[in-house]
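> Provided below are the primary sequence and the corresponding predicted coordinates.
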Amino acid sequence: MISPSLEHALSSARHCAVLTGAGVSAESGVPTFRSAGGLWKNHNPQELATPEAFDADPALVWSWYSWRRRTVRDVNPNPGHYALAEAAALFPRLTLITQNVDDLHQRAGSSGVIELHGSIERCRCSVCDAPYHGDNAPPTDDVQYCRCGGAIRPGVVWFGESLPMAALDAAQQAAGECDLFLSVGTSAIVYPAAMLPMIARQAGAYTVEINTAPSALAHEMDECITGPSGVVLPVLLETLRRLRGSA
Ligand code: BJW
Ligand code: ZN
């Protein structure tokens, strides 16, 4: 599973950057966006994750996010999340960038995670941006309202919205500086996140995709490993430990 080129990159990389997508949480039981069977009550996730959908039917979108919040709270990190958390100690520098809005990387022990698409656990007012006071409460199916009267929305980035600038800047900088870039469990069709592997490759990093099926950018990567991240990442971690001499 580990090619000589990847072994070389694992043993010599000074800065490893990792981009994760929904696939990394699939083995925890969190549905991906674009998988077969990803529908919720006959709605397509891609049609619900938009400001237009929220404006048209806040109750529908809010209850979808409440359902997802319950799912995320009910599941645990899987061996892929844990392997990435442990790998951070084996590289001089590791930057973990995620498109996921769950907090499973953090719960597995990763720190400094760059959240490109926000967090499902941090809601805010859709009008005045005030933070929602009920973030820690059990998810409700009824839309919540701010003191200003605005509907509370999930603190995530929907299509057509800008990514948090500091997170995007940090991710682009890491992609441009790293010497090993792992793209894990993402279909790589959503921009600007999907630019990151290309930025890394153009800057000279060794780029590796880990996915159960080739992504839209598979042909642009130096190497693709086909398999579930919950299996592949622990193998990478074992290899890293052997190469870098840690127990
Ligand atoms: C496994 C596995 C296992 C399964 N192990 N693998 C440039 C070109 C074209 C379009 C654009 C562009 N720049 C911007 C755009 C527009 C748009 C965009 O990208 N559209 C494309 C779809 C064409 N982008 C935006 O609007 C972004 N905003 C922006 O750029 O602002 C400026 C701007 C606006 C408008 C025009 C131009 C500029 C914002 C994007 C926000 C994305 N938001 C979402 C929802 C977040 C909230 C929520 O969670 O509800 O983010 S959409 C959804 O897709 C979510 C995900 O983070 C994101 C990526 O999905 P991901 O993670 O890749 O999941 P899947 O399901 O697609 O793939 C799972 C993968 O895992 C698969 O490959 C499986 O094989 C694999 N897998 N099991 C390993 N066990
Ligand atoms: Zn408000």
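Yes, it's here. Residues are numbered from 1 along each chain as shown. Ligands and ions are numbered 1, 2, ... in the order given.
> now do the worst-scoring helix or strand of the chain on mean pLDDT: which elements does it pack against?
The helix or strand of the chain with the lowest confidence, counting by mean pLDDT, DSSP states H and E, is helix 45-48 at a mean of 87. Other helices and strands packing on helix 45-48, by 3 or more C-beta pairs under 8 Å, 6 or more residues apart in numbering; DSSP states H and E, are helix 58-74. All C-beta atoms are positioned from the backbone trio N, CA, C, and that covers glycine.
> what does the domain assignment say about this structure?
The chain breaks down by automatic domain parsing into domains covering 4-30+77-117+162-244, 45-74+124-156.
> where along this protein do the strands fall?
Applying DSSP state E to the chain gives strands spanning 15-20, 93-98, 114-115, 118-125, 152-156, 180-184, 206-211, 223-226.
> relative to the whole chain's centre, how far out is stretch 69-79?
Taking the mean C-alpha point of stretch 69-79 and that of its whole chain, the gap between them comes to 14 Å (C-alpha atoms, centre = their mean, to the nearest Å).
> enumerate the residues of this structure near ligand 1.
Within the chain, the positions lying close to ligand 1 (C-beta under 6 Å from any ligand atom) are 21-23, 26-27, 32-35, 49, 99, 101, 117, 156-163, 185-187, 189-192, 211-213, 215, 228-230.
> outside of the least confident helix or strand of the chain itself, which residues are in contact with it?
Pro31, Phe33, Arg34, Gly38, Leu39, Trp40, Ala53, Leu60, Val61, Trp64, Phe159 (C-beta atoms under 8 Å, 6 or more residues apart in numbering).
> cool, stretch 116-123 as well?
Here stretch 116-123 makes contact (C-beta under 8 Å, 6+ apart) with 65, 68-69, 72, 97-103, 131-132, 134-135, 144, 152-157, 163-164, 167-168, 171, 193.
> in that stretch, what counts as buried?
Buried positions in stretch 116-123, judged by neighbour count with 16 or more other C-beta atoms under 10 Å: Leu116, His117, Gly118, Ser119, Ile120, Glu121, Cys123.
> what does stretch 190-210 give?
For stretch 190-210, a neighbour-count test (16+ other C-beta under 10 Å) marks 190, 193-201, 205-210 as buried.
> what's the local residue count around Ala188?
Using other C-beta atoms under 10 Å as the criterion, Ala188 is surrounded by 24 other residues.
> doesn't Pro214 make contact with it?
No - using C-beta atoms under 8 Å, Ala188 makes no contact with Pro214, being 9.6 Å away.
> quick one on the thing from earlier: including mean pLDDT, could the strands of the chain go into JSON lines?
Listed next are the strands of the chain as JSON lines, based on pLDDT from 0 to 100:
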{"stretch": "strand 15-20", "mean pLDDT": "98"}
{"stretch": "strand 93-98", "mean pLDDT": "98"}
{"stretch": "strand 114-115", "mean pLDDT": "98"}
{"stretch": "strand 118-125", "mean pLDDT": "97"}
{"stretch": "strand 152-156", "mean pLDDT": "97"}
{"stretch": "strand 180-184", "mean pLDDT": "98"}
{"stretch": "strand 206-211", "mean pLDDT": "98"}
{"stretch": "strand 223-226", "mean pLDDT": "98"}
